[in-house]
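Engineer: only the shape, not the letters, is given here:
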C-alpha cells in the first residue's frame, strides 16, 4: 500500500464516525429517531467496510511492506530545531486488527443500540457520543505520532465520560462518570510526561547512531513521530533509569485506561452507563487500549526489563484480584465488569512478558465474548425491567431461550472451555510458564485465575438463568426483539468459532494471529518477543489450564445450579471467614481511597477556604468597591429621558466644534 | 448659480435652522414635534451641503444631500412606527414619560 492510499483509507475510517457524530448530534434532534438510527449505524458500517478494504490490502501486501505510515497534514510546526507535529497515521497489522474489532464489534453494538435505546428520548445524543467514541478510538490506534495518540487517548476518555454519565439525571451516573474521568486524567498526565521526557531526551541526541535504520532521518529528533522514536529508542540507553521511568509512565497511562490496579476502581462504577456502552467501551475496545499502548511501544519496553516485569506483575495481580471480587458481586453488570478487569489483567500480563501476539489474540477473542456477555446481559436487564440484581432473577433460560444459549456460549468462552477463551487464555498462560519475572510464579497465579474465572462465570450463569424465578419481573420476562438478538447471536457465533478457525487444527501452539502480528513485533528497533513454549510444554499447559477451568466450572455448577455443595461451612472456618466480606466489599478499595485521598483533599480545600476567603476577598472586594462607587457616581446622569441624552449630544458637539476651531486657529 | 457673496448667508441660515431644530428637540415634549424638529435639523444640514456644493463647484455635496434625504425618510418610517406602537398600548405621547431606558 502506498502512502497516499493509506492516508485516504485511514482518513475515511476517521471521517465516517466523525461525520456520523456531527450529523446525529446536530441534526438528530430535528430529524428524529429514524434518521439517528440510520446515520448512527451506517457511519460505523461504512467505517467497517473501509477497514475491511484496509485489512485486505494489508493481507495482500508483500512481506515486509505491510506497514505504511502516511501524513494526513502538517499540524504544528514551531520552527527549525523545535517541535513538529504532523497528523500521521500508521496502517499495519496491529492497527488494522484493532480497527477490525473497533468498527466490527462496534457496528454490531450500534445495531443492538437501535433496539436498546428505542424508548430513550436522548437517542440522538447517544449515537452522537457513540460515533465520537469510535472516531476517537480509531484515531488512537491509527496515530503514528505521540501527540495525536494522546489526543485520541484523551478523546476516548471524554466519550467514555459522556456515555457513563449519559443518564445525567441520576446522581450515581454523574459521580461514576466523574470518577472515571479523573482516573483517566491521571493516565493522560502520565502519558504527557512520558512524551515530554522522550522529546527532551531525543532532541538532545547529538548524532544518529550509525546504522542503516536511521538513514535519511534528522540528526536529532524534533518530532514525536512514533517510527522515529522507535528508530532512535536505543539512544535512550537500554535499561537506563530514564527509559525505565518513561516505560513506567506509559504503563501508568495503560493501567488507568485498562482499569488495572491501583487505578481500577472506576470500571465497576462505569456500569452506570447504558449497557451497549459497557459492551463497546468498557469491555471490547477502550479498556484494551492500555494493552494496545504497551504493544505499540514494545520497542521501548524491550529496553526496560524492570518496567516490563512490573507490568506483568500488576496485570496478573489485577487478574486474580478482580476474579476474587467478581465471585460475590450481585449486580449482573458489575460481575461482568470485574471479569473484564480480570481478563484484561491477563492481557497486560502477556504484553508485560513480551508475548504481544498472545495478548492481542486474547484481546480479539475477549472482545467477542465480552461484548456478547454484556449485550446478553442487556437483554436480561430489559426483560426484567431494569433490574440488575441477580438475586432478583433466576429461571430465565426457559423464558429467553436464545439469550440464555448465547450467554452460555459466552460463559464457556470466558471460562475457557470449548470456545474462544480456551485458545487465547491457554496460549497466553503457556508463554507465562517460561517467560516473565520469576517464571513460573506468575503462571501459577494464572492457574488460580483460571479456576476463579470458571467459578464466577458459572455462578453468574447459574444464578441468572437456572433455577426458579425469584421475582415477579423475572417470572414475566420475555425474549427481546430481533434487532437486539441478532448482534448477540452473531457474537455468539464468533465466540464459538473464532478460536477454532484461527487455530485449526491444533488447539494449542501457534495461531494465525501470531503469524499475522509477529512481523510488527520483530520489526527493526529491537524485538522483545517471549519464547514460545515447546510442543510438549504447550500440551501440558493446555491440559492443566483446561482442567483448572473445568474444576472452576464444576464447582460453580454444583453450588449454584445443582445446589448439592454448600460452601458456607468452609467459609465459616476461622481462616476463611473474612473472605466473603473482602470480596463483597471489593477489598475495600473505594473506602481506602476515600480515606487516603478524597477526605484529606476535601479537608485541605475546606481549610484553605477558611484561610483564603478573608485574604482573597478583602482585596477583591476593595477593587469591586472602587468600581461600584465610580459607577454609582455616573449612574445619576442616566435619566432615561431622551431629552437629556440629546442635550449631552448637543453639548459635546458644541465643545468638540469649539475645540477643533481653537486647534485650527492655533495651528495657523 | 448663486453668487459667491451669498454663501455666508446660506451657511448662517443653515446654522439658524439647525439651532432651531436642536432647541425644539430639547424643549418640546410631543414626540411628533420632536420628529419635525429632527427633520428641520436634517434639512439644515442639507442646505449647508448644497451650499458648499455650489460654493466649491462640486457635485459631491448634492449627492450627499440625497443620501441624507433617504436616511431621513427611513428614520421617519421607523420613528412613526414606534410612535403608533406606543400610542396603541395606551401610553401618553410624551417623551418625558418614556424613560424606561433608565433601568
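Structural biologist: Nice, I can see it. Just so we're clear, the structure is a prediction, and the values are computed from it rather than from any experiment.
Engineer: host element of the residue of the stretch 51-200 of chain A found nearest chain B?
Structural biologist: When distances are taken as CB to the nearest CB, the stretch 51-200 of chain A reaches nearest to chain B at residue A:168, 36.8 Å away. Heads up, the C-betas are built off the backbone N, CA and C, glycines and all. Under the criterion of DSSP states H and E, residue A:168 resides outside all helices and strands.
Engineer: that one reaches residue A:174, doesn't it?
Structural biologist: Yes: if you go by CB atoms under 8 Å, residue A:168 and residue A:174 touch, sitting 5.8 Å apart.
Engineer: neighbours of residue A:247, just the number please.
Structural biologist: 25 (other CB atoms under 10 Å in any protein chain shown).
Engineer: now it: which helix or strand?
Structural biologist: Secondary structure from DSSP H and E places residue A:247 in helix A:241-258.
Engineer: ok, back up a step: near the residue of the stretch 51-200 of chain A closest to chain B, how many other residues are there?
Structural biologist: By other CB under 10 Å, neighbour count at residue A:168 equals 13.
Engineer: please name the residues that touch it.
Structural biologist: Applying CB atoms under 8 Å, 6 or more residues apart in numbering or on different chains to residue A:168 gives the contacts residue A:174.
Engineer: same check on residue A:355?
Structural biologist: With CB under 8 Å, 6+ apart, residue A:355 has these contacts: A:428, A:431, A:432, A:435, A:529, A:530.
Engineer: tell me the one among these nearest to residue A:647.
Structural biologist: Lowest distance from residue A:647 to the contacts of residue A:355 (CB to CB) belongs to residue A:428, with 88.0 Å.
Engineer: wait, isn't the closest one in contact with residue A:346?
Structural biologist: Yes: if you go by CB under 8 Å, residue A:428 and residue A:346 touch, sitting 5.8 Å apart.
Engineer: between those two, which contacts overlap?
Structural biologist: residue A:362.
Engineer: circling back to that earlier point, backbone dihedrals for the residue of the stretch 51-200 of chain A closest to chain B, both of them.
Structural biologist: phi -80, psi 0 (degrees, to the nearest 10).
Engineer: number of nearby residues for residue A:144?
Structural biologist: Neighbour tally, residue A:144, other CB under 10 Å: 27.
Engineer: who are the contact partners of the residue nearest the centre of chain A?
Structural biologist: Most central in chain A under CA atoms, centre = their mean is residue A:286, positioned 2.1 Å from the mean C-alpha point. Taking CB under 8 Å, 6+ apart, we find residue A:286 in contact with A:133, A:137, A:156, A:160, A:257, A:280.
Engineer: hmm, residue A:254 and residue A:293 touching each other?
Structural biologist: Yes: counting by CB under 8 Å, residue A:293 does reach residue A:254; the two are 4.8 Å apart.
Engineer: which of those two has more residues huddled nearby?
Structural biologist: residue A:254 (30 against 22).
Engineer: tell me if I'm right that the more buried one and residue A:260 touch.
Structural biologist: Yes: under the criterion of CB under 8 Å, residue A:254 makes contact with residue A:260 at 7.4 Å.
Engineer: tell me, what's touching the two both at once?
Structural biologist: A:290, A:348.
Engineer: shouldn't residue A:89 be within a helix?
Structural biologist: No: looking at residue A:89 with DSSP: H, G, I helix; E, B strand; the rest coil, it is strand, so not inside a helix.
Engineer: per-residue confidence at the residue in the stretch 351-500 of chain A positioned nearest to chain B?
Structural biologist: Using CB to the nearest CB, the single residue of the stretch 351-500 of chain A nearest to chain B is residue A:386, 50.9 Å away. Listed pLDDT for residue A:386 reads 81.
Engineer: now the one 3 residues further on
Structural biologist: Reading off the per-residue confidence, residue A:389 sits at a pLDDT of 84.
Engineer: what's the neighbour count on it?
Structural biologist: With other CB under 10 Å as criterion, residue A:389 counts 12.
Engineer: my read: it touches residue A:329, true?
Structural biologist: No: under the criterion of CB under 8 Å, residue A:389 makes no contact with residue A:329, lying 10.0 Å away.
Engineer: list residues touching both of the two?
Structural biologist: Counting by CB under 8 Å, 6+ apart, nothing touches both residue A:389 and residue A:329.
Engineer: for chain B, which helix is longest?
Structural biologist: helix B:60-88 (DSSP state H).
Engineer: buried ones in it?
Structural biologist: B:61, B:64, B:65, B:72, B:83, B:86 (16 or more other CB atoms under 10 Å in any protein chain shown).
Engineer: OK, contacts around the first one?
Structural biologist: When the contact criterion is CB under 8 Å, 6+ apart, the partners of residue B:61 are B:49, B:50, B:51, B:52, B:53, B:54.
Engineer: helix, strand, or coil at residue A:70?
Structural biologist: strand.
Engineer: how close does it get to residue A:9?
Structural biologist: Distance of residue A:70 to residue A:9, computed by CB to CB, to the nearest Å: 9 Å.
Engineer: find residues that contact each of those two.
Structural biologist: residue A:91.
Engineer: regarding chain A, what is its longest helix?
Structural biologist: helix A:599-635.
Engineer: chain center to that helix, what's the gap?
Structural biologist: Chain-centre distance of helix A:599-635: 42 Å, with CA atoms, centre = their mean, to the nearest Å.
Engineer: following the chain onward from that helix, which element is next?
Structural biologist: Following helix A:599-635 in sequence, per DSSP H and E, is helix A:642-667.
Engineer: what's that following helix packed up against?
Structural biologist: On a contact count with 3 or more CB pairs under 8 Å, 6 or more residues apart in numbering or on different chains; DSSP states H and E, helix A:642-667 meets helix B:7-27.
Engineer: how many neighbouring residues does residue 53 have?
Structural biologist: Since no chain was named, I'll use chain A. The burial count for residue A:53: 13, using other CB under 10 Å.
Engineer: wait, I meant chain B there
Structural biologist: 17.
Engineer: could you measure from it over to chain A?
Structural biologist: Note on residue B:53: its distance to chain A, by CB to the nearest CB, to the nearest Å, is 21 Å.
Engineer: from what I see, that residue and residue B:66 are in contact.
Structural biologist: No: judged on CB under 8 Å, residue B:53 makes no contact with residue B:66 at a distance of 11.2 Å.
Engineer: chain A versus the closest residue to residue B:13 other than its chain neighbours, what's the distance?
Structural biologist: Once flanking residues are discounted, residue B:13 sits nearest to residue B:47: 6.5 Å by CB to CB, 6 or more residues apart in numbering or on different chains. Residue B:47 is 18 Å from chain A, where distance means CB to the nearest CB.
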